[in-house]
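Colleague: okay, here's the prediction I keep looking at, along with the sequence it came from:
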Amino acid sequence: MALSRMEVKCDGTERIPVDYVKGILQPTPTCDSWDQIWDFQARPDDLLICTYPKAGTTWTQEIVDLIQNDGDVDRTQRAPTHVRFPFIEWIIPSMGSGLEQANAMPSPRTLKTHLPFQLLPPSFLEKNCQIIYVARNPKDNLVSYYHFHRMNKALPDPGTWEEYFESFLTGKVCWGSWHDHVKGWWEARDQHRILYLFYEDLKMNPKHEIRKLGEFIGKKLDDSVLDKIVHHTSFDVMKQNPMANYSAVPAEIMDHSVSPFMRKGAVGDWKNHFTVAQNERFDEDYQRRMAGTSLAFHFQF
């Protein structure tokens, strides 16, 4: 366990150490509270937004909040994303616990997790909660997660691009293997109340996908409200929204001068990072790891 309980540092700044929960790498505050997280008590009217990290989580949260509030932008300005949506397994000593935040929140709650399906607290399934899962193509997901690691001191230092590429490929990153994550939730989608969406579909046809989200949540939205939500959840508008761009998080945790939290939000940016050799190796590994699944991704438009 090379990464276990290790203080990882970047440019002299201490990072939160990491360890394993059932084979999945996590920050140690999460590991230390795992029993309480596993025993988390969901409520039947909870809505859970789940993604692999950097797969459109904040975007989906903002869309869902606007749907729930019938497009009322002022209502979504009530607090930053991380306050509106408790992140159930996330604990930063200086900022508090997502678990405690969730437990203190009145119903109906909209919650967030990055947990793979096998680590989801069982009460979500027992209570038949609605779950929205969003998947993003792995090449863009890797690039976005790499830059997020660079700016987020609550995660391990990613090392060089070449080093992080290897870590991602082998699943030795927080929340584990991308391949296992997207496949696990894909396989579970028909047995539970899971709406499985794709980041690239949201980019290509946001109005269609937002309507689908509204129907899943039980909200029928007219065209004018849909258009308003599409506008306010566009990348350029959200990037300037202090309640959605994570600028409210202290700079000692998220340093936007290293890389902004909302960086590009594009499909196909991986082509600016992958070498030819890396792309060939990634494709070969992808074909092997994704064999036998009906999951398919757009890697560019």
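Modeller: The structure has been received and is ready for your questions.
Colleague: contacts only, for the one residue sitting closest to the centre of the chain.
Modeller: Against the mean C-alpha coordinate of the chain, by Cα atoms, centre = their mean, the closest residue is residue 53 at 3.6 Å. Neighbour list for residue 53: 114, 145, 148, 174, 175 [criterion: Cβ atoms under 8 Å, 6 or more residues apart in numbering]. The way it works is simple: take the backbone N, C-alpha and C, and place the C-beta from them, glycine included.
Colleague: for those, pick the one with the most neighbours.
Modeller: residue 145 (26 neighbours; other Cβ atoms under 10 Å).
Colleague: buried sites along stretch 45-53?
Modeller: 46, 47, 48, 49, 50, 51, 52, 53 (16 or more other Cβ atoms under 10 Å).
Colleague: next step: those restricted to helices.
Modeller: Members of these lying in helices (criterion: DSSP state H): none.
Colleague: pLDDT and distance to residue 229 added to those, as JSON lines?
Modeller: Converted to JSON lines, those look like this (pLDDT from 0 to 100; distance: Cβ to Cβ, whole Å):
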{"residue": "46", "pLDDT": "98", "distance to residue 229": "22"}
{"residue": "47", "pLDDT": "97", "distance to residue 229": "16"}
{"residue": "48", "pLDDT": "98", "distance to residue 229": "20"}
{"residue": "49", "pLDDT": "97", "distance to residue 229": "16"}
{"residue": "50", "pLDDT": "98", "distance to residue 229": "21"}
{"residue": "51", "pLDDT": "97", "distance to residue 229": "19"}
{"residue": "52", "pLDDT": "97", "distance to residue 229": "24"}
{"residue": "53", "pLDDT": "95", "distance to residue 229": "24"}
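Colleague: inside strands: which ones of those residues?
Modeller: Counting by DSSP state E, these place 47, 48, 49, 50, 51 in strands.
Colleague: nearest spatial neighbour of the second one, chain-adjacent residues omitted?
Modeller: If I follow you right, that is residue 48. Excluding the flanking residues, the one nearest residue 48 by Cβ to Cβ, 6 or more residues apart in numbering is residue 131, at 4.7 Å.
Colleague: in a strand, the one you found, correct?
Modeller: Yes. The assignment for residue 131 by DSSP: H, G, I helix; E, B strand; the rest coil puts it in a strand.
Colleague: min pLDDT across the contacts of residue 53, which one?
Modeller: Sorting the contacts of residue 53 by pLDDT puts residue 148 at the bottom of the list (83).
Colleague: surely that residue and residue 164 touch.
Modeller: No. Using Cβ atoms under 8 Å, residue 148 is not in contact with residue 164; the gap is 10.7 Å.
Colleague: the residue nearest to residue 48 and residue 19, how far apart?
Modeller: Look at residue 131 and residue 19: by Cβ to Cβ, to the nearest Å, they are 27 Å apart.
Colleague: and what of residue 117?
Modeller: According to Cβ to Cβ, residue 117 and residue 19 sit 21 Å apart.
Colleague: which of those two has more neighbours?
Modeller: A direct count of neighbours by other Cβ under 10 Å for residue 117 and residue 19 places residue 117 higher, at 21 against 18.
Colleague: just to check, that one is in contact with residue 184?
Modeller: Yes. Judged on Cβ under 8 Å, residue 117 makes contact with residue 184 at a distance of 3.8 Å.
Colleague: which residues in the stretch 201-301 of the chain form helices?
Modeller: Counting by DSSP state H, counting those that start in this stretch, the stretch 201-301 of the chain has helices at residues 206-217, 223-232, 235-239, 276-289.
Colleague: what angle sits between the second one and helix 206-217?
Modeller: Using axes from the mean of the first three to the mean of the last three Cα atoms, to 10 degrees, the direction of helix 223-232 lies 110 degrees away from that of helix 206-217.
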